[in-house]
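Visitor: Sequence plus predicted model, see below.
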Amino acid sequence: MDMVALIEKYQYHEPPRIPPPTPQEGWDGYPGPAYPPAEGEPLRVLHYAPAASKEETDRLAEGMPPGAVEWLYLVEEQDERPNEHGEVRLLTPTPLIQRWQFLRAVLDFRPHLVHIGDSRGAEFAEWVGVPKVEVVGDQTAEECLARYRAAVLPITDIVVLAHNELEVTSSCVHHLLAHTWVPYRLVLVDNGSMEPVGDLFRQVALMVAPQPCLVLEPGENLGCPGGRQLAYEHLAAPYFAWVDNDMLVPPGWLGPLVRQMHTNPAIGAIGAWSNVYSDRWRWTAAQPQDMAASNNLYRTQAVRDAEEEPGRLHCEPFERLQGRSDTDLLWRIKEAGYELWLDGQVEMMHLGGPLRDGLGQGLTRRSGEVEAMHQADVAFRRKWLGPGVRIDQECQPTPST
C-alpha cells in the first residue's frame, strides 16, 4: 500500500456502531499465553532436545512429584517405547522447518518454558520469547523443577490508550491478542472517544475471558499523559508496556523484552525499534541506549522510584502541556539509577507519527496544541542537560515521604 492510500485508509470517518457484546461471542483465535500456574496446577514444559536419550528425560520426569509438570516432547527420532509422561511430536531434520514446527508447538501447547538441549533450541526460544532452561545431565529432578519454577515469567500489564480511530484501534488490539505469547493483562483506556471505542474494548474483554482484561472509561479526553495516569493508578504487575493505539506489534514481540528485564534488575525501561526511528538502531541486539521512545516496557518499581510527586506518573508542566512527558519520565528513571535499553531486533510498526499531522504520540492529544507542545519542549530543555542529568538544582525532586 502506498503512502497516499495509507493516509486515506486511516482518515477519520464515521464508523457503524458496534453491536453490544454478548457472552456467546468468543475469541476463536490464539487462546492466550500460559499464565503462572496456581497452586496445584502443573507447569507446562516444552521439551526440545532432539538428541536427548529417553533415559535422561524419563529420569527427570519420574523424579518429580506427580502432576508437577505437563510435558510436550519434540524429538527427531521417536523411541519405540511409548512415553507415558507426555505427548511426543516428531521433528523433520530440516532446521528451517523445525523452526516453524517449534512455533506451532508453542501456539498449541502454550508452555510456561522451554527445556532446551542444544543451541538450536536456544535460538528458537529466543525467537519466540518463551523462557528457556538448559538442564545439565547431572542435575537432580528436584533441582531441575526448582529451575523451571524460577524461569516462569510474571504477568505484564499492556496499556492501550485510544481516542477515536476505531478501525486502527481494533487492528492494534487484535495484533496484541494474536502476537503476545507471554503472560499479560490488557488495560484498555477509552479516552473520551466519540466513536464506539468503549464498545470495542468491552467486547474484547468478553472475548478473552477468563484472561484478565481491564477497561477504563473516564468519560472525557484526558490527553495522553492524563489517560496514562489513569492506567498507572490501576497497574498491578511488576512490568507494564505502553502501546499506542496506532501501533501494530509483530509475532512474539513482548517475550524478548520481558525476558531481558526479568533477568537484569538494572533495566528500568526497554524499548523496541519502530519505523519512525533511525535505521542505525534497527537489528541492534538489546543493549543500554538512552532512547527517547514512548512505546516501552517499564519496570513498575523503577517508575515508582522516579516519581516527583507520590503516585504521579508525569509531572508539570509536561502533563498539562501534553508534550515531552515520555522523555521526561525516561530521564527521571535514568536519574533514579536504572538503565535505559533498546532492542532493535524487536520491530514495531507505527501507523501514526508523520502520517497524522505531526501528532506522533498516538491519537490521544486534543487538537490545536502545537504551541503548548513547543512550550513543553522549551521547559524540557531548561530542565535536562542530558539523560538523568538536570541543569538546575531547583528542578531536583522533593523526596517522597
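Guide: Structure's in. What do you need?
Visitor: Contacts for stretch 102-114 next, please.
Guide: Residues from elsewhere that reach stretch 102-114, judged by CB atoms under 8 Å, 6 or more residues apart in numbering: 30-34, 36-37, 43-48, 72, 74, 89, 121, 124-125, 128, 130-133, 148, 151-152, 181. (C-beta placed from N, C-alpha, C; glycine too.)
Visitor: Show only the entries of these found in helices.
Guide: Here DSSP state H is the test, and the contacts of stretch 102-114 give 121, 124-125, 128, 148, 151 as lying in helices.
Visitor: For the lengthiest strand in the chain, buried residues please.
Guide: In the chain, with assignment by DSSP state E, the single longest strand is strand 339-350. By neighbour count, with 16 or more other CB atoms under 10 Å as the criterion, the buried positions of strand 339-350 are 339-344, 346-348, 350.
Visitor: I'd like to check what contacts it. Which residues are they?
Guide: Taking contacts as CB under 8 Å, 6+ apart, the residues outside strand 339-350 that touch it are 244, 246-250, 253, 256-257, 260, 266-276, 281-291, 293, 295, 330, 333-334, 387.
Visitor: now the strands for the stretch 301-401 of the chain?
Guide: 339-350, 384-386, 389-390 (DSSP state E, counting those that start in this stretch).
Visitor: Phe318 and Glu195, how far apart?
Guide: 27 Å (CB to CB, to the nearest Å).
Visitor: chain center to stretch 176-195: distance?
Guide: Remark: stretch 176-195 is offset 11 Å from the chain centroid, using CA atoms, centre = their mean, to the nearest Å.
Visitor: Could you list every helix and strand in contact with whichever strand or helix holds Leu186?
Guide: Element membership for Leu186 (DSSP states H and E) is strand 184-190. Contacts of strand 184-190 with other secondary structure elements, assessed using 3 or more CB pairs under 8 Å, 6 or more residues apart in numbering; DSSP states H and E, are made with strand 156-162, helix 166-179, helix 197-208, strand 213-216, helix 223-232.
Visitor: List the buried residues of the longest one.
Guide: What it means is helix 166-179. Buried positions in helix 166-179, judged by neighbour count with 16+ other CB under 10 Å: 166, 168-173, 175-177.
Visitor: Quick one: mean pLDDT over it.
Guide: Helix 166-179 shows a mean pLDDT of 88 in the predicted model.
Visitor: how close does Leu96 sit to Glu123?
Guide: Leu96 is 12 Å from Glu123, where distance means CB to CB.
Visitor: of these two, who's got more company?
Guide: Per other CB atoms under 10 Å, whichever of Leu96 and Glu123 has more neighbours is Glu123, with 15 against 8.
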